[in-house]
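Participant: Pasted the sequence and its predicted model underneath.
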Amino acid sequence: MSDFDWKSLVRNVAPTLGAALGGPLAGAATRFIAETLLGNPDASEQDVANAVVGASPEKLLELKKMDLEFKAKMRQLDVDVFRLEIQDKQSARDLAKVNMMPHIVLSSIYTVGYFAMLYQFMTGGVEVADGLKAEFNMILGVMTAAQVKIMEFWLGSSYGSKMKDATIAAG
């Protein structure tokens, strides 16, 4: 179950919490979900992931309600979660304006390594021991999610594009 992108599920059910999970408030959002959904604010991220992925429809409805509560708390603190998510990505893009080479090199190395590993696995070049399949699936899931983030950095995210379009339209 750990190879499923639980944060995408949260984004679809609870957009404010999902946005927080993708930015600088990830720890606060995870803790909020752990405390509300599991009753344990110190639960591990893996425990939260398992609870979200294995959630019943009733628990998903509870997660939707939690999103409204989290949004209200953030509003009380005058925190715009969506703006922070965009600013977090924009700061990485601004850094790239200074010197693009580290981004190019790291993205290239990671992408080549990711697809080389995937190729080796798919063609039978690497066998995963039965006792390590769960761990391998988790690592592959994390690496795939990171590859998506690399693509979002270079190509922009659909949410960022929508915000840009809205800003231009507001002119």
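Facilitator: Nice, I can see it.
Participant: For the residue nearest the centre of the chain, what are phi and psi?
Facilitator: By CA atoms, centre = their mean, the chain has its centre lying nearest to residue 22, at 4.6 Å. Dihedral angles of residue 22 (phi, psi; degrees, to the nearest 10) stand at phi -90, psi 10.
Participant: Which parts of this structure belong to which domain?
Facilitator: Domain ranges of the chain: 6-81, 99-170, per automatic domain parsing.
Participant: From the chain's centroid, how far away is the longest one?
Facilitator: For domain 6-81, the distance from its own C-alpha centre to the chain's C-alpha centre is 12 Å (CA atoms, centre = their mean, to the nearest Å).
Participant: What are the buried residues along the one helix or strand residue 111 maps to?
Facilitator: Using DSSP states H and E, residue 111 sits in helix 101-122. Using 16 or more other CB atoms under 10 Å as the test for burial, helix 101-122 gives 103, 114. All C-beta atoms are positioned from the backbone trio N, CA, C, and that covers glycine.
Participant: Would you mind listing the outside residues contacting it?
Facilitator: 95-96, 125-126, 128, 140, 143-144, 146-147, 150, 153-154 (CB atoms under 8 Å, 6 or more residues apart in numbering).
Participant: cool, and stretch 5-12?
Facilitator: 17-19, 21-22, 33, 48-49, 52-53, 63, 141, 144-145.
Participant: In TSV, list those along with secondary structure and pLDDT.
Facilitator: What follows is those, written out as TSV (DSSP: H, G, I helix; E, B strand; the rest coil; pLDDT from 0 to 100):
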residue	secondary structure	pLDDT
17	helix	84
18	helix	81
19	helix	79
21	helix	81
22	coil	72
33	helix	87
48	helix	86
49	helix	87
52	helix	85
53	helix	84
63	helix	85
141	helix	84
144	helix	89
145	helix	85
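Participant: Can you pick out the most distant pair from the residues you listed?
Facilitator: Largest separation among those by CB to CB: 63 and 144, giving 23.2 Å.
Participant: lowest confidence element among the helices and strands of the chain?
Facilitator: When the helices and strands of the chain are scored by mean pLDDT, DSSP states H and E, helix 158-170 comes last with a mean of 55.
Participant: can you pick the most crowded of the contacts of stretch 5-12?
Facilitator: residue 17 (29 neighbours; other CB atoms under 10 Å).
Participant: Any figure for the gap between that residue and residue 115?
Facilitator: 32 Å (CB to CB, to the nearest Å).
Participant: what's the answer for residue 133, then?
Facilitator: 21 Å.
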